[in-house]
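> fold the following, please.
(one chain, ligands or ions: 1)
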Amino acid sequence: MHIPFVDLHAQYESIKAEIDTAIENVIRDTAFIGGKYVRSFETAFANAYGVKHCVSVANGTDAIYITLKMLGIGAGDEVITVANSWISTSETITQAGARPVFADIDPVYYTIDPEQIKAKITSRTKAIIPVHLHGQMADIKAIQAICEKHDLYLIEDCAQSHFSSFNGQFAGTFGIASTFSFYPGKNLGAYGDAGCILTNDDALAEKCRMYANHGALKKHHHQMEGINSRLDGLQAAILEAKLQHIHDWTQNRITNASYYMAKLKGVDGIILPTVRPDTVHTFHVFAIRTKQRDSLQAYLKEQGIETAVHYPTALPLLPAYNYLGYTADTIPVAAQYQNELLSLPLYPELTPEQMDYVTEAVKEFSFADVTG
Ligand SMILES: *Cc1c(COP(=O)(O)O)cnc(C)c1O
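The predicted structure follows:
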């Protein structure tokens, strides 16, 4: 059996008519840039979160960059973020002109460790960017308290956590702003690049909207220089069609994660994900931990099972950040887990038969390994 890591085609097949109609509408109306489909998606997404403003942008990376820049963060400032994430989270800090400062992860939940944040705060710190990694909520209440105490901006990177929640409150509604990616493989994915910023702050929303559109809210009225980072109409229409299904898909992810957990419970040498109490983990990624990560990944590949590693090198240990001088002992948990985390295929359309095949293969590997 071949099991891909994600299966975007299966999802398209399940809603083909809706997607095809959405695309036809945009082409019929030639609403390619801006226009009613973009506005309609922004309203629908903001409403789904109960937030005042959704500013759509070209991708999730720009969403972070634009937010930082429009909050006035730049040269001489520091922004604390997490050692285990995709590079967008930190490269945008540098793009804005500030310096990224990395805090280690929590050993149980794999998200930024609030104690490590506290240790990194200086007089130059302006903001904290936690990532709700894999769909797991970061320790958002503790992080919020730190931000309030030290007067720092809280910007949540929600690229992997659409509709994750803590005590019924969605990820992305705890700070001054939050950023989303709709990259095709994300839990809510476009058919190309797309992203947005959510905020309840009127002035910030207006600035972000302006900056993303050459510094103008109205054509030729450039209040400042900006960039070109717009969501296009086709992506907006596709996203709005898919938004109708997101809660069902999220539920399927959670059900599938529970299935994996039940089947893999007690398997020697494998540590399963732990869901933070009082939260909904939306399982963008289902990551197990094992000391035999690379050999298990190779074994599963031989069985036709595609897996992935999120991420093989902790951000501060990448060559891109050599200049900052981090070593493995400065972020010990992330440095260890980069060699242990393995993401199994998990998506809403995955069937029990497919999951049985995956879990049986993992068990066979563990058994063979134990008995030599
Ligand atoms: C995907 C991702 C991004 C960037 O999103 P793009 O739309 O690919 O630019 C940012 N942060 C995290 C944690 C991500 O996983």
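> is any part of stretch 134-142 close to the ligand?
No - judged by Cβ under 6 Å from any ligand atom, stretch 134-142 stays clear of the ligand, getting no closer than 9.4 Å. (Each C-beta comes from the backbone N, C-alpha and C, glycine too.)
> now do the contacts for the residue in the stretch 201-350 of the chain that the ligand sits nearest to.
Nearest residue of the stretch 201-350 of the chain to the ligand: His284, at 7.8 Å (Cβ to the nearest ligand atom). Listed by Cβ atoms under 8 Å, 6 or more residues apart in numbering, the contact set of His284 reads 134-135, 160-162, 186-187, 253.
> and which of these is nearest the ligand?
Gln160 (4.8 Å).
> pretty sure the closest one contacts Gly135?
Yes - if you go by Cβ atoms under 8 Å, Gln160 and Gly135 touch, sitting 5.8 Å apart.
> any common contacting residues for those two?
Counting by Cβ under 8 Å, 6+ apart, the shared contacts of Gln160 and Gly135 are 187, 284-285.
> mind checking the SS state of Phe180?
Put simply, Phe180 is strand when judged by DSSP: H, G, I helix; E, B strand; the rest coil.
> wait, it touches Gln160, no?
No - the pair Phe180 / Gln160 is not scored as a contact, 9.7 Å apart, by Cβ under 8 Å.
> which of these two has more neighbours?
A count of neighbours by other Cβ atoms under 10 Å puts Phe180 above the other of Phe180 and Gln160, at 31 against 26.
> tell me how far Ser88 lies from Tyr326.
Going from Ser88 to Tyr326 by Cβ to Cβ, to the nearest Å gives 18 Å.
> what do you get for Asp62?
Per Cβ to Cβ, Asp62 is found 26 Å from Tyr326.
> kindly report the same for Asn228.
Asn228 is 34 Å from Tyr326, by Cβ to Cβ.
> more neighbours: which of those two?
The neighbour comparison of Asn228 against Tyr326 (other Cβ under 10 Å) goes to Tyr326, with 20 against 10.
> spatially, what comes nearest to the more buried one if we skip its sequence neighbours?
Closest residue to Tyr326 apart from its sequence neighbours, by Cβ to Cβ, 6 or more residues apart in numbering: Pro316 at 3.5 Å.
> while we're on the one you found, how confident is the model there?
As predicted, Pro316 sits at a pLDDT of 98.
> what's the nearest residue to the residue in the stretch 1-150 of the chain that the ligand sits nearest to if we skip its chain neighbours?
In the stretch 1-150 of the chain, the residue that lies nearest the ligand is Gly60 (2.6 Å; Cβ to the nearest ligand atom). In space, and not counting its chain neighbours, Gly60 is closest to Ser181: 2.4 Å by Cβ to Cβ, 6+ apart.
> quick one: contacts for that neighbour?
By Cβ under 8 Å, 6+ apart, the contact list for Ser181 reads 59-61, 63, 88, 159, 194-195.
> how about 6 Å then?
By Cβ atoms under 6 Å, 6 or more residues apart in numbering, the contact list for Ser181 reads 60, 159, 195.
> separation between it and the ligand?
Here Ser181 is placed at a distance of 3 Å from the ligand (Cβ to the nearest ligand atom, to the nearest Å).
> partners of that residue in the sheet?
When assigned by DSSP bridges, Ser181 has beta-bridge partners Gly195.
> numbering from 25 from now on, please.
Renumbered: residue one is now 25, and that last one reads Ser205.
> quick one: pLDDT of it?
The model's pLDDT for Ser205 equals 98.
> Thr395 too?
Listed pLDDT for Thr395 reads 44.
> show me where the stretch 25-174 of the chain has its strands.
77-81, 102-106, 123-127, 149-153 (DSSP state E, counting those that start in this stretch).
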